[in-house]
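Colleague: got a predicted structure plus its sequence, pasted below:
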Amino acid sequence: MLIKCKTGGEMIEVAEGQDAHTALDATGCSHCKDGHGLDVHCGQTASACPRTHDGACWNPPDIPDRPEGCTVCRPILFMGNATLVTEAV
Amino acid sequence: MANMSDQTWVNWLLTAFFTSSTTVTFTPGTSGGSARIITPPFHLRLDTAQGSNTSAATEATSGNCPGYTALGSSLGSSAFAAASGGQATNNNAVSWSATGTWTAIPSIEIWDTAATPIRYLQGALTSSITGVSNGDTVQFAVGSITINSSAW
């Protein structure tokens, strides 16, 4: 499935069953890496990331689970696919 | 030698059935029974339990899949592209916006929109849709649904 950063807009492929956050880290999330704004995870700028600031980073592995109520990065687009085969009777 | 259908005819059948945007009536000859009426637009329905070739699935509801509406959503005018090689794919994207947590979706069905809708196709998704929650989008892109009658 694809996940989309609601602030940065990046689309990232995440394997089935994988926590979306494991696909987003200081190097994988271009929103943070590119430094075009505050890191959507912690409010720090790119220069302060990776994780030189105080407090826990909201990216893995510090906090593997998405903080309650966080809607910044999570799966938002589920793509369905199917092949419907007509069978002999 | 196995029985076989001429593929040109199969292409024609698929195209006749699934590209029409207006009601189509097929009238059988003597002893052929009553006319069969196809009533577009076709709707894509999501299931919470797959059906079979002889019985309908358990359709998702607005209760277990908030944001989904019973009887599905339209596949649009000319639901499928003209068939080739015994196969046809959907012409239009269909999507739903979840307003809550969804039960898993393992399969889909395609129905028409007659007063008493008729089911035409059913089958499993390539992979079940799981983990949908409030604010997510479930989408079937153009070309994501294939009718494969090449072995018909």
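Modeller: Structure's in. What do you need?

Colleague: can you pull the pLDDT of B:Asn134?
Modeller: Here, the pLDDT recorded for B:Asn134 equals 83.

Colleague: what distance do you get for it to chain A?
Modeller: B:Asn134 sits 8 Å away from chain A, going by Cβ to the nearest Cβ, to the nearest Å. Glycine gets a C-beta too; all of them are placed from N, C-alpha and C.

Colleague: can you check B:Ser62 too?
Modeller: Shown here: B:Ser62 relative to chain A, a distance of 18 Å by Cβ to the nearest Cβ.

Colleague: now do that residue, the pLDDT please.
Modeller: Among the per-residue scores, B:Ser62 shows a pLDDT of 97.

Colleague: try A:Thr86
Modeller: Looking at A:Thr86, its pLDDT reads 85.

Colleague: for it, phi and psi?
Modeller: When quoted as degrees, to the nearest 10, the phi and psi of A:Thr86 stand at phi -80, psi 130.

Colleague: list the contacts for the closest residue to it other than its chain neighbours?
Modeller: Of all residues not flanking A:Thr86 in the chain, B:Ser149 sits nearest, at 4.3 Å (Cβ to Cβ, 6 or more residues apart in numbering or on different chains). By Cβ atoms under 8 Å, 6 or more residues apart in numbering or on different chains, the contact list for B:Ser149 reads A:85-86, B:10, B:13-14, B:83, B:86-87.

Colleague: most neighbours among the residues you listed, which one?
Modeller: Using other Cβ atoms under 10 Å in any protein chain shown as the neighbour criterion, B:Ala83 leads the contacts of B:Ser149 with 25 neighbours.

Colleague: what's the closest non-adjacent residue to it?
Modeller: With sequence-adjacent residues excluded and distances taken as Cβ to Cβ, 6+ apart, B:Ala83 is closest to B:Leu14, at 3.7 Å.

Colleague: thank you kindly, that will do.
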